[in-house]
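Trainee: Could you work out the structure for the sequence below:
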Amino acid sequence: MSKSCGSCGSPLPDSHRHSVCSMCYGDIDYGTDGYARAWYEEQERQQQEAEPEPWESNQEEEQEEEV
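Mentor: Sure thing, here's the model as predicted:
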């Protein structure tokens with residue numbers, strides 16, 4: 001990787017035909033660097049871990065009612 005993003009300086013793969021990375025461009029499918037897609041997938045994973053499953057929140061409500 002000898003190229004870098006003209007905006008943020010992140011390294012770009014040789015197969016990336018643009019002068020900016022996907023994060024700076026704002027499109028997860030822009031070019032071949034994969035930065036924006038990786039960021040998006042990480043955000044999705046973190047959100048899923050932070051949200052309780054529907055059955056978990058129902059159990060908590062039922063326990064509160066019993067008290």
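Trainee: Run through the residues that contact Ser7.
Mentor: Remark: with contacts taken as C-beta atoms under 8 Å, 6 or more residues apart in numbering, Ser7 is in contact with 20-21, 24. (C-beta placed from N, C-alpha, C; glycine too.)
Trainee: For these, which single residue is the most surrounded?
Mentor: Comparing the contacts of Ser7 by number of neighbours (other C-beta atoms under 10 Å), Cys21 comes first, having 25 neighbours.
Trainee: and the nearest residue to that residue once chain neighbours are set aside, what does it touch?
Mentor: In space, and not counting its chain neighbours, Cys21 is closest to Cys5: 4.1 Å by C-beta to C-beta, 6 or more residues apart in numbering. For Cys5, the contact set (C-beta under 8 Å, 6+ apart) comprises 11-12, 19-21, 24, 33.
Trainee: Dump these to CSV, plus distance to Glu42 and secondary structure.
Mentor: Formatted as CSV, the entries for the contacts of Cys5 read as follows, by distance: C-beta to C-beta, whole Å; DSSP: H, G, I helix; E, B strand; the rest coil:
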residue, distance to Glu42, secondary structure
Pro11, 19, strand
Leu12, 20, strand
Ser19, 25, coil
Val20, 20, coil
Cys21, 16, coil
Cys24, 17, helix
Asp33, 15, coil
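Trainee: mind checking how far the most centrally placed residue in the chain is from Ser7?
Mentor: For the chain, the residue whose C-alpha lies nearest the mean C-alpha position (C-alpha atoms, centre = their mean) is Tyr40; its distance is 1.8 Å. Using C-beta to C-beta, to the nearest Å, one gets 18 Å for the distance from Tyr40 to Ser7.
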